[in-house]
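[1] Take this sequence and fold it.
(one chain, ligands or ions: 1)
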Amino acid sequence: MAATELDQVVNLCKRRGFVYPSAEIYGGFRSSYDYGPLGSLMLRNVREAWIRTMVQQRDDVVLIDAAILAPPQVFEASGHLANFSDPLVDCTKCKQRFREDHLVDLGGGPDTCPGCGAKGSFTEARAFNLMFKTFAGPVEGSGAEVYMRPETAQGMFVNFLNVLQTSRKKPPFGIAQVGKSFRNEITPGNFIFRTREFEQMELEFFVPPAESAEWYDYWCKARLQWYVDLGIPADMLVLRPHDADELSHYSSGTSDIEFKYPWGWGELEGVAQRTNYDLTQHANHSGTKLDYFDQATNERYIPYVIEPAAGVNRAMAAFLLAAYDEDIINDEPRTVLRLHPRLAPYKVAVLPLSKKDTLTPLAHQIRRTLSERYMVDYDETQAIGKRYRRQDEVGTPLCVTVDFDSLEDNAVTIRDRDTTAQVRVPIADLLGEISARLGF
Ligand code: ATP
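    A predicted model of the protein is given here:
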């Protein structure tokens with residue numbers, strides 16, 4: 001695979017309707033993005049791939065969907081009000097603001113401004129809380145303050161007892177959630193890698209304290225493998241344990257799964273040992289016991305938590321970057337997204353060879369049949385070679401071409417994105433053939 005420049009993927013995303021800058025007709029809203037027809041399908045596929053592995057294929061994890069807005073008590077207890085901050089410095093020369101711990105990565109130094117190059121121009125670092133605050137109800141005042149969640153995780157902790165009582169699960173078991181989180185990042189950037197509004201896929205896995213280390217190892221390995229299984233080459237991924245000074249306020253050990261982005265290695269997912277910190281805090285602050293009574297051992301304990309926390313958007317960026325390729329087919333260069341079929345926005349494109357009335361009824365009939373099971377595109381304009389390349393560029397694994405012979409022999413051609421090989425198959429076998437090729 002050729003080294004992928006970020007610009008190539010950003011351009012493809014804009015050109016083909018994956019990702020647009022937000023509020024573009026008003027000049028754009030800095031570092032905020034909207035997902036177009038293809039991007040929204042791909043985001044959904046990332047979420048669904050995660051839920052499939054983390055919930056559907058296991059018997060020890062359940063899914064919830066908690067509120068985004070929460071009262072201050074939740075974040076007082078979790079420690080986010082006091083601790084969820086980044087060190088902010090201002091350059092007194094150019095007035096730009098930076099995260100102190102990002103200065104070197106941004107091309108400056110601890111003493112040199114990456115904005116204007118001035119030396120020794122920074123203010124003292126001050127803690128900047130990353131949570132967005134707003135007001136619930138018609139009156140703005142301290143009694144009406146609410147926060148937009150900076151992680152989905154607190155939804156699992158405050159619902160621990162509800163889930164325990166209603167799901168018949170017992171440790172080791174997990175509560176999973178996919179949803180939006182909000183952080184007032186000081187320096188958003190690198191396309192959809194770091195934005196102020198983003199989506200997370202988090203699992204809180206509750207275990208007996210003595211099993212915590214074992215489950216931490218298990219989840220580090222399982223989560224790394226998930227990306228490999230969905231097509232990211234293993235040499236573009238690394239598991240990096242945090243140094244002690246990097247650990248979050250709740251963590252006794254964290255490893256990041258890092259991806260080789262065009263600008264260097266960066267976090268894709270964090271796997272943290274949150275100990276019994278959150279449940280203990282919420283129990284103390286709410287006055288509700290959040291523990292588990294093990295009838296087998298006659299012991300009551302507060303479970304320890306292992307948390308694999310991933311970003312939907314960051315994962316999508318990584319999948320796109322890893323999949324982007326350019327090659328030459330029949331002396332013609334093409335761009336191809338070699339996306340895993342589960343992640344590809346469309347699984348199949350139905351392409352009648354011509355727009356003639358004689359072909360369209362059969363082509364539409366095939367489209368309707370396939371779309372019962374798969375997300376299908378339908379395209380009848382331009383030369384067939386051009387249409388194949390349009391599908392290659394958005395990662396559609398298979399094209400089905402309906403031609404004039406189809407009307408006679410009741411067969412169509414399946415064309416493969418990666419090899420460009422074509423085979424003729426009876427229409428009666430089409431669904432089975434496609435399913436065998438996609439793997440689902
Ligand atoms: P970073 O060090 O990059 O700021 P973090 O360690 O604060 O990330 P976590 O709190 O571990 O991130 O969040 C879990 C996951 O949520 C991250 O691995 C990432 O995929 C995603 N995520 C966090 N912040 C953002 C953001 N601002 N934009 C997009 N995704 C994010």
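[2] Which residues of this structure lie near the ligand?
    Contact residues, the chain versus the ligand (Cβ under 6 Å from any ligand atom): 151, 183, 185, 194-195, 198, 200, 267-270, 309-311, 313-314. Where C-beta positions appear, they are placed from N, C-alpha and C, glycine not excepted.
[3] of those residues, closest to residue 412?
    Comparing the residues of the chain next to the ligand against residue 412 with Cβ to Cβ places residue 313 closest, at 36.6 Å.
[4] residues in contact with the closest one?
    The contact partners of residue 313, taken as Cβ atoms under 8 Å, 6 or more residues apart in numbering, are 33, 43, 192, 193, 195, 198, 199.
[5] Run through this structure and note the low-pLDDT ranges.
    Counting by pLDDT under 70, the chain contains low-confidence residues at 1-3.
[6] Surely residue 393 and residue 335 touch.
    Yes: between residue 393 and residue 335 there is a contact under Cβ atoms under 8 Å: 4.9 Å.
[7] Quickly list what's touching both of those two.
    Contacts common to residue 393 and residue 335, judged by Cβ under 8 Å, 6+ apart, are residue 12.
[8] partner residues bridging the residue in the stretch 251-400 of the chain that the ligand sits nearest to?
    At 2.4 Å from the ligand, residue 311 is the closest residue in the stretch 251-400 of the chain, using Cβ to the nearest ligand atom. Residue 311 forms beta bridges with residue 200, as assigned by DSSP bridges.
[9] now residue 414
    Applying DSSP bridges, one finds that residue 414 bridges with residue 400, residue 423.
[10] Same check on residue 207?
    Beta-bridge partners of residue 207, as defined by DSSP bridges: residue 304.
[11] ok, it touching residue 305?
    Yes: here residue 207 reaches residue 305: they are 7.5 Å apart, a contact under Cβ under 8 Å.
[12] what about those two, which has more around it?
    Higher neighbour count among residue 207 and residue 305: residue 305, with 28 against 21, using other Cβ atoms under 10 Å.
[13] on contacts alone, who are the packing partners of the helix ranked longest in the chain?
    Ranked by residue count under DSSP state H, the longest helix found in the chain is helix 212-229. Here helix 212-229 touches strand 197-207, strand 237-241, strand 253-261, strand 264-275, strand 304-311, going by 3 or more Cβ pairs under 8 Å, 6 or more residues apart in numbering; DSSP states H and E.
[14] Pick the most deeply packed of those.
    Highest mean neighbour count among the helices and strands packed on helix 212-229 (mean count of other Cβ atoms under 10 Å): strand 304-311, with a mean of 25.
[15] and the helix or strand following that strand, which residues are buried?
    Downstream of strand 304-311, the next assigned helix or strand under DSSP states H and E is helix 312-323. For helix 312-323, burial by neighbour count (16 or more other Cβ atoms under 10 Å) applies to 312, 313, 314, 315, 316, 317, 318, 319, 320, 321, 322, 323.
[16] The most centrally placed residue in the chain - nearest residue in space that isn't next to it in sequence?
    Taking Cα atoms, centre = their mean, the centroid of the chain lies closest to residue 312, which sits 1.3 Å from it. In this structure, residue 312 finds its nearest non-sequential neighbour in residue 199, 3.9 Å apart by Cβ to Cβ, 6 or more residues apart in numbering.
[17] contacting residues around that neighbour?
    Contacts for residue 199 (Cβ under 8 Å, 6+ apart) come out as 43, 47, 178, 179, 180, 181, 311, 312, 313.
[18] Next one: the residue of the stretch 101-250 of the chain found nearest the ligand from residue 149, what distance?
    Proximity of the stretch 101-250 of the chain to the ligand (Cβ to the nearest ligand atom) peaks at residue 198, 3.5 Å away. With distances taken as Cβ to Cβ, to the nearest Å, residue 198 is found 12 Å from residue 149.
[19] intersection of neighbour lists for the two?
    Both residue 198 and residue 149 are contacted by 181, 182, under the criterion Cβ under 8 Å, 6+ apart.
[20] Excluding sequence neighbours, find me the nearest residue to residue 115.
    Nearest in space to residue 115, with sequence neighbours left out and distances taken as Cβ to Cβ, 6+ apart, is residue 96 at 4.0 Å.
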